[in-house]
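S.K.: I'd like to go over a predicted model; first the sequence, then the structure.
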Amino acid sequence: MSAPLRLATRASALARWQAEEVARLLCAAHPGLDATLVVVSTDGDRRQDVPVWELGGQGVFVTDVQAAVLDGRADAAVHSAKDLPSVTAPGLLLACVPARADARDALVGRSLAELEPGAVVATGAVRRRAQLAGHRPDLRFAGLRGNIATRLERIPPGGAVVVAAAALERLGLLDRAAEILPVSLMLPQVGQGALAVECRNGDDATAGLLAAIEDRAARVAVDAERAFLARLGGGCDLPVGAHGRWVDHDTVHLEGMVATLDGRRVLRAARTAPAAEVAALGDGLAGDLLDDGAGALLAGDR
């Protein structure tokens, strides 16, 4: 019997669910395949008292997991696509993006309409804070870190916390959502709701196995969003959001947003292009926003 395929993952309940889902998809696509998890502690998980953007942004949740693949402890790494930096790390290949879950954000506690003036919304994401502040400048905000269970224990009195709808759904907690925020109000983080699986460059055997669980609609949407982020040079530390979706046949629609942290200025734009041109789509959309003044917003110029 061949050795099991080793999947590196973070230790949280959500991360384990995601890795187990990838293992399930792989075993269904390849009867007889065995897959096992390699659980890795990351810097972002160890330092819960520090905001993500102060730790260095997206890479804090993936670098240690990627290292397990690069040094041979694992064959592939399973990530939340939103945690990946926009440029793939040297030595690795973004081998597949399985079917995407709901990319939207959710309020737990009270819905937006139920929040009284001055109510507190807890979130660790500057993107969420900026967009909510732009829509409701009367709200107050508090920081929030930790796994989903921890976050749900920290709902401010009379307020709400913001989490990814996909995270609630995957953990069987979607009934806790007071409201799923529409994309028209809150553009998601790049890659939100999607999984991304990396393997070593040149590991054709593992890449071939992973290719079987690729979802083309999810992949082109995530690739377009990542190209958008790459042009802007942002991550968890900046108020940037994007959402790509398959429109029809072979067409992708991409919306993007850049804002000031206080939400007083929110720039949004959209483009549509063939799926074969997603890199140019994301790059071009970011260029549109930069031409509209996004560079000054990203630099902190109000």
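M.R.: Nice, I can see it.
S.K.: quick one: Arg104 and Leu174, what's the gap?
M.R.: To Leu174, Arg104 is 11 Å away according to C-beta to C-beta, to the nearest Å. Bear in mind the C-beta positions are built from the backbone N, C-alpha and C, glycine included.
S.K.: you'd agree Glu114 is up against Ala178?
M.R.: Yes: between Glu114 and Ala178 there is a contact under C-beta atoms under 8 Å: 7.0 Å.
S.K.: of these two, who's got more company?
M.R.: Ala178 (17 against 14; other C-beta atoms under 10 Å).
S.K.: what does stretch 13-29 contact?
M.R.: By C-beta atoms under 8 Å, 6 or more residues apart in numbering, the list of residues contacting stretch 13-29 from outside reads 5, 7-10, 33-37, 39, 78, 80, 98, 147-149, 167, 170-171, 195, 197, 209-210, 212-213.
S.K.: inside helices: which ones of the residues you listed?
M.R.: In helices, judged by DSSP state H, the following of those are found: 148-149, 167, 170, 209-210.
S.K.: filter the residues you listed to the buried ones?
M.R.: Neighbour counting by 16 or more other C-beta atoms under 10 Å classes 148, 167, 170, 209-210 among those as buried.
S.K.: and what about the residue nearest the centre of the chain, helix, strand or coil?
M.R.: Most central in the chain under C-alpha atoms, centre = their mean is Lys82, positioned 2.0 Å from the mean C-alpha point. Under the three-state scheme (DSSP: H, G, I helix; E, B strand; the rest coil), Lys82 adopts helix.
S.K.: what's the spacing between it and Val266?
M.R.: 20 Å.
S.K.: mind jotting down where the helices sit in the stretch 1-150 of the chain?
M.R.: Secondary structure of the stretch 1-150 of the chain by DSSP state H, counting those that start in this stretch: the helices cover 13-29, 43-46, 52-55, 63-70, 126-135, 148-152.
S.K.: confidence-wise, which of the ones you listed is weakest overall?
M.R.: Ranked by mean pLDDT, the helices of the stretch 1-150 of the chain bottom out at helix 52-55, which scores a mean of 46.
S.K.: coming back round to it: make TSV out of the helices of the stretch 1-150 of the chain and add distance to Gly300.
M.R.: Below are the helices of the stretch 1-150 of the chain laid out as TSV (distance: least, C-beta to C-beta, whole Å):
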stretch	distance to Gly300
helix 13-29	32
helix 43-46	24
helix 52-55	13
helix 63-70	26
helix 126-135	12
helix 148-152	28
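S.K.: returning to that earlier point: pick out the most distant pair among the buried ones among the ones in helices among the contacts of stretch 13-29.
M.R.: The span of those, defined through C-beta to C-beta, is set by Ile148 and Leu209 at 29.3 Å.
S.K.: any idea how this structure splits into domains?
M.R.: Annotated domains of the chain cover 5-98+194-214, 105-181, 229-298 [automatic domain parsing].
S.K.: any common contacting residues for Arg104 and Leu174?
M.R.: Ala165.
S.K.: between these two, which one's more packed in?
M.R.: Between Arg104 and Leu174, counting by other C-beta under 10 Å, Arg104 is the more crowded of the two (21 against 15).
S.K.: and the residue lying closest to Ser41 once chain neighbours are set aside, what pLDDT?
M.R.: Leaving aside its sequence neighbours, Ser41 sits nearest to Ala11 (C-beta to C-beta, 6 or more residues apart in numbering; 6.1 Å). Ala11 carries a pLDDT value of 93.
S.K.: pretty sure Ala11 is touching Val38, no?
M.R.: No: using C-beta under 8 Å, Ala11 makes no contact with Val38, being 10.6 Å away.
S.K.: quick one, which of the two is more surrounded?
M.R.: Set side by side, Ala11 and Val38 show more neighbours around Val38, with 18 against 13, by other C-beta under 10 Å.
S.K.: tell me the confidence at that one?
M.R.: Per-residue confidence (pLDDT) for Val38: 97.
S.K.: right, and it touches Ala68 too?
M.R.: Yes: using C-beta under 8 Å, Val38 is in contact with Ala68, at 5.7 Å.
S.K.: and for those two, which residues touch both?
M.R.: Going by C-beta under 8 Å, 6+ apart, residues that sit against Val38 and also against Ala68 are 8, 74.
S.K.: contacts for the helix or strand Ala242 falls within, please.
M.R.: Per DSSP states H and E, Ala242 falls inside strand 240-246. Among residues not part of strand 240-246, those counted as contacts by C-beta under 8 Å, 6+ apart are 103, 127, 131, 183, 186-190, 217, 220-222, 224-225, 228-229, 232, 234, 252-259, 275, 278, 281-282, 285, 298.
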